[in-house]
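# build me a model from this:
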Amino acid sequence: MRRATGEPKAVRALLIALALGWLGLVILLPLLMVFRQAFAHGLHAFAAAVADPDALSAIRLTLLIAALVVPFNLVFGVAAAWLVAKHDFRGRSLLVSFIDLPFSISPVVAGLMYVLLFGSQGWFGPWLMAHGVRILFAVPGMFLATALVTFPYVARELIPLMTAQGRAEEEAAVTLGASGFQTFWHVTLPNIRWGLLYGVLLTNARAMGEFGAVSVVSGHIRGVTNTMPLEVEALYNEYDFTGAFAVASLLACLGLLTLAAKAFLEWRHRDAIAAAGH
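You can find the predicted model right below:
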């Protein structure tokens, strides 16, 4: 008896070839071209471009913002997922909609929101200027913009997982006398650790590569508020193609490291599930 999904081997081979060909065309080939252009003038030119003070400042700032944003969104993402998945309350659907909001709006719009709040003509701008507090065109504004666009990743990775797990284990722990913190630390956290790590990796990758929102609030000050994506744009606009592709290749390497970490975690997760099954 033929299965409903039993396509001929030729059809499966054709579909696989089309998928691999498309991925190679739109992802692999452009990525290879970035690295080719980065080393087109030799290793010395690549090293000189990366060692440029403005490039080093962009690298440090990118890593700093990612290091600030990831723990922030980890805490608030876990809290939001815990609230949505483990509790019933009025406004639950509205909260989920707010969590998904950064997926629905352009990052440029997200950046403009902070300009309207903290700009010189914004709601809080005059007060901030009077007290010498600088949000826009500085690290705080870049942190806020990046945190906004990356907020859903941890929460959205955990909400389906925690909903599927239900509340039985937590309720049993509370019945046995565990406190809320003990229940979370010893029951909830071990059950969500893989999903949490996936969310952290996705947040980190997006934080390092964010362009639109950061571009609006940064001011594009070379050596001060330019992250790696903004530095790539600035170098490319100046026709410094070696420098632009050198910085871009470093950014691509950071993304590939994130992808490798995600693949490793998925492999470990499969092994853990297989071991638990035996």
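
# show me what counts as buried in stretch 23-36.
The neighbour-count check on stretch 23-36 (16 or more other Cβ atoms under 10 Å) flags L31, V34, F35 as buried. Yep, even glycine has a C-beta here, placed from its N, CA and C like the rest.

# for the first one, which non-adjacent residue is closest in space?
It refers to L31. Distances taken as Cβ to Cβ, 6 or more residues apart in numbering place A252 nearest to L31, at 6.2 Å, with adjacent residues excluded.

# relative to R36, how far out is L201?
Distance from L201 to R36, counting by Cβ to Cβ, to the nearest Å: 27 Å.

# ditto for A145
Distance from A145 to R36, by Cβ to Cβ: 32 Å.

# swap in D100?
Distance from D100 to R36, by Cβ to Cβ: 38 Å.

# show me what counts as buried in stretch 182-196.
Those buried within stretch 182-196 under the rule 16+ other Cβ under 10 Å are T183, F184, V187, T188, I192, W194, G195, L196.

# avg pLDDT for the helix or strand hosting P126?
Assigned by DSSP states H and E, P126 belongs to helix 125-130. Averaged across helix 125-130, the pLDDT comes to 85.

# ok, stretch 101-114 next?
88.

# what sits up against that stretch?
Around stretch 101-114, the neighbours that count as contacts under Cβ atoms under 8 Å, 6 or more residues apart in numbering are 135-136, 141, 144-145, 148-152, 210-217.

# in stretch 40-49, which residues are buried?
Neighbour-count burial for stretch 40-49 [16+ other Cβ under 10 Å]: F46, A49.

# whoops, I mixed them up, stretch 66-82
A66, L68, V69, V70, F72, N73, L74, G77, V78, A80, A81, W82.

# domain map for the chain?
With domains defined by automatic domain parsing, the chain comprises 1-38, 42-275.

# lowest mean pLDDT across the ones you listed, which one is that?
Least confidently modelled of these is domain 1-38, at a mean of 82 by mean pLDDT.

# pull the distance from it to the chain's centre.
Its chain's C-alpha centre and that of domain 1-38 lie 26 Å apart, by Cα atoms, centre = their mean, to the nearest Å.

# stretch 117-124 too?
Worked out by Cα atoms, centre = their mean, stretch 117-124 lies 27 Å from the chain centre.

# what about that stretch, how long is it end to end?
6 Å (Cα to Cα, to the nearest Å).

# what's it in contact with?
V115, L116, G125, P126, L128, M129, I135, L136, G141.

# the residues you listed, buried ones only, as a PyMOL selection?
Buried subset of the contacts of stretch 117-124, written as a PyMOL selection, criterion 16+ other Cβ under 10 Å:
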select buried, resi 115+125+128+135+136+141
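
# make a markdown table out of the contacts of stretch 117-124 and add distance to M228.
Shown next, in a markdown table, are the contacts of stretch 117-124 (distance: Cβ to Cβ, whole Å):
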| residue | distance to M228 |
| --- | --- |
| V115 | 22 |
| L116 | 27 |
| G125 | 28 |
| P126 | 33 |
| L128 | 28 |
| M129 | 29 |
| I135 | 22 |
| L136 | 20 |
| G141 | 17 |
